[in-house]
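In: I'd like to go over a predicted model; first the sequence, then the structure.
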Amino acid sequence: MNTQLAGKIALVTGGSTGIGLAAAQQLAAQGARVFITGRRQAELDAAVESIGQAATGIRADASVLTDLDNVYAEIARSAGHLDILFANAGGGDMLPLGAITEEHFDRIFGTNVRGVLFTVQKALPLLVDGASVILTSSTVSVMGTANFSVYSASKAAVRNFARSWALDLKDRKIRVNVVSPGPVKTPGLGGLVEEGERQGLYDYLASQVPLGRLGDPAEIANVVAFLASDSSSFVNGIELFVDGGMAQI
């Protein structure tokens, strides 16, 4: 059994479903004590049960700063510090340029950009020197995607956050990296279209991936665990694509 994260304290935002849940499960399996956040209590409770005794759930919306304050107050009380932060909470939906609204923009940037920024900023007092911070971007950070421009722009911002924050935090030896998945079969991906259209979406996206299939959340989780560990101690400021080769063609 791999226990390279034994004794580590981790926070995974957006950890109740999809990639966040898979990452929290993998971090816990490798020995970390894991705090997860999610907006819906029922999903959060189910996620904690699936992870096991190493997990603690805290209901929070990453776009609400008082929720973030509550998260870090709870971690400070019960753990005292953080070794790993996976700022994963985010999402989006599809609208063509002519239909984009102020609400659409504010909602996506509120979580994917503003939320990520303050998730990391507010963690700084708890992060130990030498901690690992991991952000979730996407292959769309470097690819044009029809009807998905606001989400894509938000993920490009996340990529630059990592490059800049790696420099801001260099004196504390805190590493900041980005994992950028391609299409992964998660509730979020399926939620982009109506239920009857999902298989068509999955088939189309799989056809765009050189490996010919969608990713599994566990495959992204393995990369997150690597970036969280000392095995990646000289990896800093990168955007690591986990996409079956999609962004490289």
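Out: Alright, I've got the coordinates.

In: tell me the mean pLDDT over the helix or strand containing residue 108?
Out: Residue 108 is part of helix 102-109, with elements assigned from DSSP states H and E. The average pLDDT within helix 102-109 is 97.

In: which residues are contacting it?
Out: Applying Cβ atoms under 8 Å, 6 or more residues apart in numbering, the contact partners of helix 102-109 are 91-93, 95, 150-151, 154, 157. (C-beta placed from N, C-alpha, C; glycine too.)

In: just checking, next helix/strand downstream of that helix?
Out: Next along the chain after helix 102-109, taking DSSP H and E as the criterion, comes helix 116-123.

In: show me which positions of that next one end up buried.
Out: 116, 118-120, 123 (16 or more other Cβ atoms under 10 Å).

In: over to stretch 127-135?
Out: By 16+ other Cβ under 10 Å, the buried positions in stretch 127-135 come out as 127-128, 131-135.

In: pipe these into JSON lines and attach distance to residue 199, pLDDT and secondary structure per row.
Out: Below are the buried residues of stretch 127-135 laid out as JSON lines (distance: Cβ to Cβ, whole Å; pLDDT from 0 to 100; DSSP: H, G, I helix; E, B strand; the rest coil):
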{"residue": "127", "distance to residue 199": "42", "pLDDT": "98", "secondary structure": "strand"}
{"residue": "128", "distance to residue 199": "45", "pLDDT": "98", "secondary structure": "strand"}
{"residue": "131", "distance to residue 199": "41", "pLDDT": "98", "secondary structure": "strand"}
{"residue": "132", "distance to residue 199": "37", "pLDDT": "98", "secondary structure": "strand"}
{"residue": "133", "distance to residue 199": "36", "pLDDT": "98", "secondary structure": "strand"}
{"residue": "134", "distance to residue 199": "31", "pLDDT": "98", "secondary structure": "strand"}
{"residue": "135", "distance to residue 199": "31", "pLDDT": "98", "secondary structure": "strand"}
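
In: name the residues of stretch 54-74 that come out as buried.
Out: 54-63, 67-68, 71-72.

In: middle-most residue in this protein, spatially?
Out: residue 88 (2.0 Å; Cα atoms, centre = their mean).

In: which residues touch it?
Out: Here residue 88 is in contact with 12-15, 19-20, 23, 134-136 (criterion: Cβ under 8 Å, 6+ apart).

In: now do residue 90
Out: Residue 90 makes contact with 14, 62, 111-112, 115-116, 136, 154-155, according to Cβ under 8 Å, 6+ apart.

In: can you give me the distance of it to residue 9?
Out: Using Cβ to Cβ, to the nearest Å, residue 90 is found at 22 Å from residue 9.

In: and the contacts of helix 102-109, which of them are buried?
Out: 91-92, 95, 150-151, 154, 157.

In: can I get the residues you listed in CSV with pLDDT?
Out: Shown next, in CSV, are those (pLDDT from 0 to 100):
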residue, pLDDT
91, 90
92, 88
95, 94
150, 96
151, 94
154, 97
157, 97
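
In: can you tell me which two in the residues you listed are farthest apart?
Out: When Cβ to Cβ is used, the two most widely separated members of these are 95 and 157, lying 18.1 Å apart.

In: looking at the chain, which residue lies furthest from center?
Out: Extreme point of the chain relative to centroid (Cα atoms, centre = their mean) is residue 98; 29.0 Å.
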